[in-house]
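**Q** Pasting the sequence and the predicted coordinates here, then a few questions.
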Amino acid sequence: MPIQTVKMVVTGPFSAGKTEFIQSISEIDVVSTDEAISPDSPEFGAKEQTTVAMDFGRITVDDDLVLYLFGTPGQRRFDFMWEILAEGMLGFVVMVDSAKPETFREAKSILETFRAYAPTPYVVAANKQDHPEAWAPDDLRIALRIEDHIKLLPCVATDRDSVKNVLLELLYSILEEMDAAQ
């Protein structure tokens with residue numbers, strides 16, 4: 001049986017945890033396009049580097065299934081990359097920093113943008129659940145106006161098991177849709 005590859009995109013606002021998410025689970029060294037944030041950038045001080053094109057990781061699920069993970073840049077000035085990265089995706093993860101309500105509107109906007117690119121399954125990862133200021137997933141669902149049938153999952157991007165759970169839920173959604181289409 002030939003190897004089946006599944007392209008998944010990991011997207012979300014600046015500093016939501018996309019790069020850490022992919023680094024936590026990838027079996028290869030993550031191909032990253034991080035650049036230093038210049039002192040005159042509005043993001044300066046929030047973190048030292050930002051993704052300017054994409055991150056890429058790979059996970060072998062079993063002998064005949066491989067996941068390719070593409071992380072998007074979170075800043076709007078790099079949004080021209082989003083449509084390119086969305087091409088051919090079978091599903092996507094929207095990362096939300098649960099401890100930064102000021103980013104929730106941007107997360108919802110990114111979610112809607114990716115839904116417009118392709119009508120594929122997606123999950124929302126309520127990241128940074130280990131942070132004392134993190135909103136509970138149920139509260140986040142209300143704030144983001146996420147429908148009940150959409151999976152909104154607690155996540156800690158630096159925890160491999162947490163990341164694995166999010167990706168498995170997305171994979172289950174993708175497989176359900178593939179089965180329904182046949």
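**A** Arrived safely.

**Q** model confidence over the longest helix seen in the chain, on average?
**A** Ranked by residue count and defined by DSSP state H, the top helix of the chain is helix 160-181. If you average the pLDDT over helix 160-181, you get 93.

**Q** for it, packing partners?
**A** Judged by 3 or more Cβ pairs under 8 Å, 6 or more residues apart in numbering; DSSP states H and E, the packing partners of helix 160-181 are strand 4-11, helix 18-25, strand 65-71, strand 91-97, strand 122-127, strand 152-154. Every C-beta, even on glycine, is put in place using the N, C-alpha and C of the backbone.

**Q** Tell me what angle that helix forms with strand 91-97.
**A** Here the directions of helix 160-181 and strand 91-97 differ by 140 degrees (axes from the mean of the first three to the mean of the last three Cα atoms, to 10 degrees).

**Q** Go through helix 160-181 and flag the buried ones.
**A** Judged by neighbour count using 16 or more other Cβ atoms under 10 Å, the buried positions of helix 160-181 are 162, 163, 165, 166, 167, 169, 170, 171, 173, 174.

**Q** what's the angle between it and strand 65-71?
**A** Going by the same axes, to 10 degrees, helix 160-181 makes 110 degrees with strand 65-71.

**Q** In CSV, list the buried residues of helix 160-181 along with distance to residue 75.
**A** Below are the buried residues of helix 160-181 laid out as CSV (distance: Cβ to Cβ, whole Å):
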residue, distance to residue 75
162, 25
163, 22
165, 27
166, 22
167, 24
169, 27
170, 24
171, 28
173, 28
174, 28
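
**Q** tell me which helix or strand of the protein sits lowest on mean pLDDT?
**A** strand 31-36 (a mean of 63; mean pLDDT, DSSP states H and E).

**Q** ok now stretch 91-98, how far from the chain's centre?
**A** On the basis of Cα atoms, centre = their mean, to the nearest Å, stretch 91-98 is displaced by 4 Å from the centre of the chain it belongs to.

**Q** Please apply the same query to stretch 86-98.
**A** That offset, for stretch 86-98, works out to 4 Å (Cα atoms, centre = their mean).

**Q** Pull out the buried positions in that stretch.
**A** 86, 89, 90, 91, 92, 93, 94, 95, 96, 97, 98.

**Q** tell me the mean pLDDT for it?
**A** For stretch 86-98, the per-residue pLDDT averages 96.

**Q** what does stretch 64-81 give?
**A** Here the average pLDDT along stretch 64-81 is 87.

**Q** what's the first-to-last distance across that stretch?
**A** 29 Å (Cα to Cα, to the nearest Å).

**Q** likewise stretch 4-22?
**A** 20 Å.
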